[in-house]
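Student: curious how this folds, go ahead:
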Amino acid sequence: MFESACDDPEFDSSISEASEEAAAVVELDDGFVARHAELARGYGGGGDPEDPALVQAMQMVLHIPKQDPPPRSALLAAAATAAVAVCMDPRVGPGGEWEPRYLTWKRSRIRKVARRARGAQWLAANEVDGLTVEIDGAQARALVPGPVGAIDQRIRRLQIGGTDLESDDPGPADPELPVLWVDSELGMTVGKAAAQVGHASMLLAGALSVEQTFAWAGQGYRCSVREAGSRWSELSRLVREGAAIAVRDAGFTEVAPGSMTVIAVPPGVSS
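Tutor: Below you'll find the predicted structure:
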């Protein structure tokens, strides 16, 4: 069915748990088909520009308050949903206000950079172009991509590292949703894992048929994120058989080049 790699390799509205609200604004029209076709086309994968300031990245902001931080799995699910929601938003499609920035990023080396915010920082981040998602009380915002040398100052000041969340046990995944399985043996920080599940949701949307992706849009692009643990070998078999999609990291941070970090399994596929 599909296998993909990622170069990492990374209307202002929000998508929440109310999937009926999301479904009400999604139409399977020419615009949706064009946005899906762009994702299905893959990524540029070219080398970086000579000027480091022109390197393209999608900034992702994770809401991690000091008191009562969210569960790791829910925060990663919110990040994954936000990333694919931006890629399927009408404003990145033909003639959309975000289209030039989005295409410049998508047709180069795909990178995502996760940052944490709390309090006033989080409120300020929500004023920057992008989409915020809330899942089970956890919030993440994916911003419209652009050159790293032109990052909005409200985002540039946010910390990239230094905060992590412990693994949690959220229970069985919803069988009606895609499951993004994270290789827990790699020991990725929550920021690194957020970028990787964001890659996975994008790759999955592009690998699914337009009808399947439209059905997923009706669910607000929600997904479940789980740690694979001992299931990794069976999940890898699904990738080899073409029934699941894998993210392979370029190894810029935390993991070795070529590491398989996340395996995305569509609904109805069992390991």
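
Student: wait, residue 179 sits on residue 172?
Tutor: No: taking contacts as Cβ atoms under 8 Å, residue 179 lies outside contact range of residue 172: 9.9 Å. In this view, the C-beta of every residue, glycine as well, is placed from N, C-alpha and C.

Student: who has more neighbours, these two?
Tutor: Set residue 179 next to residue 172 and count neighbours by other Cβ atoms under 10 Å: residue 179 wins out with 23 against 8.

Student: give me the beta-bridge partners of the more buried one?
Tutor: residue 224, residue 265 (DSSP bridges).

Student: and the strands in this structure, which stretches?
Tutor: 14-15, 56-63, 112-117, 130-135, 138-143, 146-147, 179-182, 224-227, 245-248, 260-265 (DSSP state E).

Student: so which of those strands gets nearest residue 157?
Tutor: Ranking the strands of the chain by proximity to residue 157 (Cβ to Cβ) places strand 112-117 first, at 9.1 Å.

Student: report all helices and strands that that closest one contacts.
Tutor: Applying 3 or more Cβ pairs under 8 Å, 6 or more residues apart in numbering; DSSP states H and E, one finds that strand 112-117 makes contact with strand 56-63, helix 190-207.

Student: what does it rub up against?
Tutor: 8, 10, 57-64, 79, 83, 124-125, 148, 155, 158-160, 162-163, 190-192, 194-195, 198-199 (Cβ atoms under 8 Å, 6 or more residues apart in numbering).

Student: can you do 6 Å?
Tutor: By Cβ atoms under 6 Å, 6 or more residues apart in numbering, the residues outside strand 112-117 that reach it are 10, 57-62, 64, 125, 158-160, 163, 191, 194-195, 198.

Student: how far off helix 190-207 does that strand point, in degrees?
Tutor: 130 degrees (axes from the mean of the first three to the mean of the last three Cα atoms, to 10 degrees).

Student: ok, how many other residues are close to residue 212?
Tutor: 16.

Student: do residue 50 as well
Tutor: 6.

Student: residue 100 now?
Tutor: Residue 100, neighbours per other Cβ under 10 Å, totals 11.

Student: just the one 4 residues further on next, same as before
Tutor: Neighbouring residues of residue 104 were enumerated by other Cβ under 10 Å; the total is 15.

Student: how far away is it from residue 266?
Tutor: According to Cβ to Cβ, to the nearest Å, residue 104 stands 29 Å off from residue 266.

Student: and if you look at residue 134?
Tutor: 23 Å.

Student: circling back to that earlier point, ok, which of the strands of the chain comes nearest residue 42?
Tutor: Closest to residue 42 of the strands of the chain is strand 245-248 (Cβ to Cβ; 12.2 Å).

Student: for the closest one, packing partners?
Tutor: helix 190-207, strand 260-265 (3 or more Cβ pairs under 6 Å, 6 or more residues apart in numbering; DSSP states H and E).

Student: got the contact list for the residue positioned nearest the centre of the chain?
Tutor: Nearest to the mean C-alpha position of the chain, by Cα atoms, centre = their mean, lies residue 198 at 1.7 Å. With contacts defined as Cβ under 6 Å, 6+ apart, the neighbours of residue 198 are 79, 80, 83, 112.

Student: the closest residue to it other than its chain neighbours: neighbour count?
Tutor: Among residues not flanking residue 198 along the chain, residue 83 sits closest, at 3.4 Å (Cβ to Cβ, 6 or more residues apart in numbering). Neighbourhood size, residue 83 [other Cβ under 10 Å]: 28.

Student: just the CA trace of stretch 151-164, in PDB.
Tutor: Taking C-alpha atoms only, stretch 151-164 is exported to PDB below (Å, rounded to 0.1, in the frame of the first residue of the first chain):
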ATOM      1  CA  ILE A 151      10.600  33.600  12.300                       C
ATOM      2  CA  ASP A 152       8.100  35.800  14.100                       C
ATOM      3  CA  GLN A 153       9.700  37.200  17.200                       C
ATOM      4  CA  ARG A 154       6.800  35.800  19.300                       C
ATOM      5  CA  ILE A 155       7.900  32.400  18.200                       C
ATOM      6  CA  ARG A 156      11.700  32.900  18.000                       C
ATOM      7  CA  ARG A 157      11.800  33.600  21.800                       C
ATOM      8  CA  LEU A 158      10.200  30.300  22.700                       C
ATOM      9  CA  GLN A 159      12.400  27.500  24.000                       C
ATOM     10  CA  ILE A 160      13.100  24.500  21.800                       C
ATOM     11  CA  GLY A 161      14.500  22.100  24.300                       C
ATOM     12  CA  GLY A 162      14.700  21.700  28.000                       C
ATOM     13  CA  THR A 163      11.200  20.400  28.700                       C
ATOM     14  CA  ASP A 164      10.000  16.900  28.400                       C
END
